[in-house]
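following is a predicted model, sequence given first.
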Amino acid sequence: MLRYQREVAVRFWNSKKGEDRERVGTSSRQKQKFMHTSESRSFASVAEAESNSDKKLDAFSFLRLCIGSFEITHRKKDGSPVTSEAEEIMEKLKEKKAEYEAIASSDSSFKF
C-alpha cells in the first residue's frame, strides 16, 4: 500500500461512514453460524481443485464433489468439524449420498 493510500484508508476508517461500516461488519460476523476453514480460498475454488478435471461432471459426481468440498472447508486442522451445526450438515450430506448410491445400485435405469 502506498503512503497516500494508507492516509486515505486511515481517514476513511476514522470517519463516521467508516465506523458505521465497521459496526455492520462486526454485527454480520457475529451472526454467522460457522465459518469455512480454507483461508482465502472460496468454496468454489476448493471444489474446482478437488475435481482435478475439465470434463463435465454428472450429478452424482457433482454431489460427491460438493460433499467433499464442504468437509474440507468446514473442518479444523485436527479434523473435527468447526461447529456442531457443520457436523450435522456433514451427517445429512453423507445420508443423502448413501441414499442416492442405494437407488443407483438397485435401479439401472436411474440416472443422475
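Sure thing, it's come through. Nothing here was measured: the structure is a model prediction, and the numbers come from that model. Numbering: from 1, shown residues only.

switch to C-alpha atoms for all contacts and neighbour counts from now on
Fine.

quick one: low-confidence parts of this protein?
Where the chain drops to pLDDT under 70, the residues are 34-39, 43, 47, 50-59, 107-112.

quick one: the strands in it, in order.
Here the chain has no strands by DSSP state E.

any chance you could map the helices in it?
For the chain, the helices defined by DSSP state H occupy 3-13, 16-31, 43-51, 59-73, 84-106.

buried deepest among those helices, which one?
Mean neighbours per residue, mean count of other C-alpha atoms under 10 Å, is largest over the helices of the chain for helix 59-73, with a mean of 18.

just the CA trace of that helix, in CSV.
Output in CSV follows, covering the C-alpha atoms of helix 59-73 (Å, rounded to 0.1, in the frame of the first residue of the first chain):
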residue,chain,number,x,y,z
ALA,A,59,-25.0,-35.2,-11.0
PHE,A,60,-23.7,-37.9,-8.7
SER,A,61,-20.0,-36.9,-9.2
PHE,A,62,-21.1,-33.3,-8.5
LEU,A,63,-22.8,-34.4,-5.3
ARG,A,64,-19.7,-36.2,-4.1
LEU,A,65,-17.6,-33.2,-5.0
CYS,A,66,-19.8,-30.8,-3.0
ILE,A,67,-19.8,-33.1,0.0
GLY,A,68,-16.0,-33.4,-0.1
SER,A,69,-15.6,-29.6,-0.6
PHE,A,70,-17.9,-28.9,2.3
GLU,A,71,-16.0,-31.2,4.6
ILE,A,72,-12.7,-29.7,3.5
THR,A,73,-13.8,-26.1,4.2
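
same for that helix, what does it pack against?
Packing partners of helix 59-73 (3 or more C-alpha pairs under 8 Å, 6 or more residues apart in numbering; DSSP states H and E): helix 43-51, helix 84-106.

out of these, flag the one nearest R21.
Nearest to R21, of all these, is helix 43-51, at 25.3 Å by C-alpha to C-alpha.

list the contacts for K33?
Contacts for K33 were tallied using C-alpha atoms under 8 Å, 6 or more residues apart in numbering; they are E85.
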